[in-house]
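Novice: Structure for the following, please:
(2 chains)
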Amino acid sequence: MLEIKNLHATVGDKEILKGIDLVIRPGEIHALMGTNGAGKSTLSNVLVGHPAYTVTEGSVTFHGKDLLALSPDERSHEGLFLSFQQPVEIPGVSMVNFMRAAVNAKRKYQGLDPMDAGAFLKLMREKRKIVELDNKLTSRSVNEGFSGGEKKRNEIFQMAMLEPSMCILDETDSGLDVDALRIVAEGFNKLRKPETSAIVITHYQRLLDYLKPDVVHVLIDGRIVKTGGPELAAEIEARGFDWIKKEELGQ
Amino acid sequence: MKAVRQYLDFFRSERQRLEAGSLPLLNAQREAAAAALERLQFPSQKVERYKYTDVEAAFAPNYGIELTPQKPADTTEKHSLEPEKHSPATVSPSHPEALSHYATLTDVNADAITALNTMLVQDVTVIYAAPGERKEHPVQITRTLQATAPLMQNRRLLIVAEAGAELTVILTDKAVAGQDFLTTQVTEVFVGEGAHVELYDIEDTQERCHRFHQVFAQVTAGGHLTHGVFTLAGGVSRNQTDIRLTGEGAAVQLLGCAVLGGTQHADNNTLIDHLAPGCTSRELYKYVVDQQATGAFAGRVLVREGAVQTDSVERNANLVCTSQARMWTQPMLEIYADDVKCSHGSTVGQLNDDALFYMRQRGISETEARTLLKQAFASEVLNEIPHEALRQRLHVLVEKRFRSCENCQLCK
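Specialist: Residues are numbered from 1 along each chain as shown, chains lettered A, B, ... in the order given. Just a heads-up that it's a prediction; the model follows:
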């Protein structure tokens, strides 16, 4: 489904990704762990086409298409979704107008007619129940005045509305208390279909306890240096990253 | 030759015809106005209040002036905001007590455009509310400029709300495409004690229109005035709004929204003069400046000696969307009294890239995302409009304006 080959990327003139190889099949959940500044968020930003990053080498194929040739909105229509580490507040743009623009843009891409207002509001109601998002929040401006937890829940709500095939959760657990984390993680599990894949970027074991990754990767200095099963995450939680640096990089 | 010459010459040669179709009250002011204009000449851009707009260039072409008296076409305008409602207001000079206010707030010696208007104006539209009278429906005046040759119009409006009266006036300017137009307009507004007036001015014309509108308002004790000026489409627009708060507890709310594209130019110049204690002023102007358009805002708040407990907030916020677009902003605050609460400020910014990218990640195209962000920016000032039906209507008009601007050939 997603195939990354020898991906190099820079921000400004600094090289952050130094050759990433990664294959994710339908239904697989991959955890991406690593030290601060290793390039985890850069990888997610490059995949969704953030204009601040430049790909200098390598390729990414998504559902058989050259992902890097697509605009950010086309990548979204193809089924790629990023749950932002820091969701953006957009004063003056209501959640309803924002979501309707997003859903109808995707429908247009798929050759479907725009959804009528009644059906759209019904869909909003259904989906917001899954992440226990208050009605008051969906009637406000996008993320404006939301708490940290509400913002993350709102990300999962948007995911529910857009039904992506590949989700990138970029530190979705950061800033969440135990209950909020459970609601967000359980929301994600309820929403995902058997063929939905995900890249989960996190520093902690707790989110992975809920999401149960199939594969765990360790990213250090722009490269994936170690790949293992769920037990690797538990080991990192207990021992940190230094032993991996020693073993794999001889540092 | 200076542009002002042709207007003075026109007045001298056509004075008899001009006065024959007009009121003695208007005719009585012409000579002094002509003398003032002769002395003042058109202001150059070295004159502080005119530094952002080239008056000479706007008045230089040879426009025709219609000397036959004009009658209003139809009071139930098709494009009316509330087409099913007839206006109960009197829109004719049938109130002698109202006409006594004519030209009492203006000073032809202080402003050349006002002098020119007073010299050439042919009729005055009077909107009058008697003491305690509450007009349930707004008075809407829609004027459409239509001509087969370049045309100049000089308009005069007198709005009088006596003590305790309530009145809403909506002015809508339109123009047919493909012709050059020049309008001057002088509006005097008297807000009596405890009276409540809302005056809205919507310009939806075209790029070959030049518009110079002056508003002079006086708000007496306990009176309230809302004045909103909305520039949706036009060529060169200069709106000057001078408010005098003369009685204790008087309040004014100034709202402005300019959506500028192509080579449009909009210049709003305001003065709020706090002359009495305990008065309130709120001022919010927002501009979205796209393509090669230019915007200017200069707002002066003057708190005179003795105007204690003044409460004033002035804000101007601007979105400049391209590297060719320009915005000038000049908020000014002068305080000569103690015990006042005043703030003023302005911002100039661009569309938020993070918000833009966030929306694109959710599948919203760049064009649509930009439109939504611009609309969101403008909606802050539209939401302040007290008149609900107009507020909703303007949200729709502004959205339409943003959408057509993204697609129209002119702006590409």
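
Novice: What residues does chain B have near chain A?
Specialist: Residues of chain B lying close to chain A (C-beta under 8 Å from any C-beta of the partner chain) are B:352-355, B:357-366, B:368, B:372-373, B:375-377, B:379-380. C-betas here are computed from N, CA, C, even on glycine.

Novice: how does it look with 6 Å?
Specialist: B:354-355, B:358, B:360-365, B:368, B:372, B:376, B:379 (C-beta under 6 Å from any C-beta of the partner chain).

Novice: And the residue of chain B that's closest to chain A?
Specialist: At 2.7 Å from chain A, residue B:376 is the closest residue in chain B, using C-beta to the nearest C-beta.

Novice: That residue against residue A:97, yeah?
Specialist: No: using C-beta atoms under 6 Å, residue B:376 is not in contact with residue A:97, being 8.9 Å away.

Novice: Those two - which one has more neighbours?
Specialist: residue B:376 (21 against 15; other C-beta atoms under 10 Å in any protein chain shown).

Novice: Mind checking what secondary structure that one has?
Specialist: Of the three states, residue B:376 takes helix under DSSP: H, G, I helix; E, B strand; the rest coil.

Novice: Near the nearest residue to it once chain neighbours are set aside, how many residues? Count them for me, please.
Specialist: Nearest residue to residue B:376, sequence neighbours excluded (C-beta to C-beta, 6 or more residues apart in numbering or on different chains): residue A:92, at 2.7 Å. By other C-beta under 10 Å, the residues close to residue A:92 number 18.

Novice: which residues sit in contact with residue A:92?
Specialist: A:141, B:376, B:379 (C-beta atoms under 6 Å, 6 or more residues apart in numbering or on different chains).

Novice: To which secondary structure element is the residue of the stretch 1-150 of chain A found nearest chain B assigned?
Specialist: Relative to chain B, the nearest point of the stretch 1-150 of chain A is residue A:92 (2.7 Å; C-beta to the nearest C-beta). Using DSSP states H and E, residue A:92 maps to strand A:90-94.

Novice: so what's residue A:52 up against?
Specialist: If you count contacts by C-beta under 6 Å, 6+ apart, then residue A:52 has residue A:11 around it.

Novice: That should have said residue B:343, apologies.
Specialist: Taking C-beta under 6 Å, 6+ apart, one finds residue B:313 in contact with residue B:343.

Novice: before we move on, what about the one 5 residues further on?
Specialist: In this structure, residue B:348 makes contact with B:318, B:320, B:327, judged by C-beta under 6 Å, 6+ apart.

Novice: Doesn't it lie inside a strand?
Specialist: Yes: secondary structure of residue B:348 (three-state DSSP): part of a strand.

Novice: Walking through the stretch 101-250 of chain B, point out its strands one by one.
Specialist: B:125-129, B:139-145, B:151-161, B:166-175, B:181-191, B:196-204, B:209-219, B:224-233, B:236-245 (DSSP state E, counting those that start in this stretch).

Novice: Take the ones you listed and lay them out in JSON lines including mean neighbour count and mean pLDDT.
Specialist: Formatted as JSON lines, the strands of the stretch 101-250 of chain B follow (neighbours: other C-beta atoms under 10 Å in any protein chain shown; pLDDT from 0 to 100):
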{"stretch": "strand B:125-129", "mean neighbour count": "24", "mean pLDDT": "91"}
{"stretch": "strand B:139-145", "mean neighbour count": "20", "mean pLDDT": "92"}
{"stretch": "strand B:151-161", "mean neighbour count": "22", "mean pLDDT": "94"}
{"stretch": "strand B:166-175", "mean neighbour count": "22", "mean pLDDT": "95"}
{"stretch": "strand B:181-191", "mean neighbour count": "24", "mean pLDDT": "97"}
{"stretch": "strand B:196-204", "mean neighbour count": "23", "mean pLDDT": "97"}
{"stretch": "strand B:209-219", "mean neighbour count": "24", "mean pLDDT": "98"}
{"stretch": "strand B:224-233", "mean neighbour count": "23", "mean pLDDT": "97"}
{"stretch": "strand B:236-245", "mean neighbour count": "24", "mean pLDDT": "98"}
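
Novice: Export those as CSV, with columns for distance to residue A:248.
Specialist: What follows is the strands of the stretch 101-250 of chain B, written out as CSV (distance: least, C-beta to C-beta, whole Å):
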stretch, distance to residue A:248
strand B:125-129, 82
strand B:139-145, 76
strand B:151-161, 80
strand B:166-175, 72
strand B:181-191, 76
strand B:196-204, 67
strand B:209-219, 71
strand B:224-233, 63
strand B:236-245, 67
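
Novice: between these, which one is nearest to residue B:290?
Specialist: Closest of the strands of the stretch 101-250 of chain B to residue B:290 is strand B:224-233, at 12.2 Å (criterion: C-beta to C-beta).

Novice: pull the CA atoms of that closest one into PDB?
Specialist: In PDB, the C-alpha atoms belonging to strand B:224-233 read as follows (Å, rounded to 0.1, in the frame of the first residue of the first chain):
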ATOM      1  CA  HIS B 224     -26.100  56.200  19.300                       C
ATOM      2  CA  LEU B 225     -24.800  56.000  15.800                       C
ATOM      3  CA  THR B 226     -23.600  53.000  13.900                       C
ATOM      4  CA  HIS B 227     -22.000  53.700  10.600                       C
ATOM      5  CA  GLY B 228     -20.800  50.900   8.400                       C
ATOM      6  CA  VAL B 229     -19.000  51.300   5.000                       C
ATOM      7  CA  PHE B 230     -18.600  48.200   2.900                       C
ATOM      8  CA  THR B 231     -16.500  48.200  -0.300                       C
ATOM      9  CA  LEU B 232     -17.200  45.100  -2.300                       C
ATOM     10  CA  ALA B 233     -16.300  46.300  -5.800                       C
END
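
Novice: What does residue A:132 show for phi and psi?
Specialist: Dihedral pair for residue A:132: phi 50, psi 50, per degrees, to the nearest 10.

Novice: quick one: contacts for the residue nearest to residue B:188 when sequence neighbours are not counted?
Specialist: Excluding the flanking residues, the one nearest residue B:188 by C-beta to C-beta, 6+ apart is residue B:105, at 4.6 Å. By C-beta under 6 Å, 6+ apart, the contact set of residue B:105 is B:188, B:216, B:218.

Novice: Residue A:201 now?
Specialist: A:32, A:40, A:170, A:171.

Novice: For the nearest residue to the third one once chain neighbours are set aside, identify the helix or strand it belongs to.
Specialist: If the residues on either side of it in the chain are set aside, residue A:170 comes closest to residue A:85, at 4.3 Å by C-beta to C-beta, 6+ apart. Using DSSP H and E, no element contains residue A:85; it sits outside every helix and strand.

Novice: was I right about residue B:256 contacting residue B:231?
Specialist: No: counting by C-beta under 6 Å, residue B:256 does not reach residue B:231; the two are 7.9 Å apart.

Novice: How much space separates residue B:18 from residue A:113?
Specialist: Distance, residue B:18 to residue A:113, by C-beta to C-beta, to the nearest Å: 60 Å.

Novice: same thing with residue B:354?
Specialist: 32 Å.

Novice: Over to residue B:131?
Specialist: 58 Å.

Novice: And the two? Which one has more around it.
Specialist: Shown here are residue B:131 and residue A:113; by other C-beta under 10 Å, residue B:131 has more neighbours (13 against 8).

Novice: How about the contacts made by the closest residue to that one other than its chain neighbours?
Specialist: Excluding the flanking residues, the one nearest residue B:131 by C-beta to C-beta, 6+ apart is residue B:162, at 4.2 Å. Counting by C-beta under 6 Å, 6+ apart, residue B:162 makes contact with B:130, B:131, B:192.
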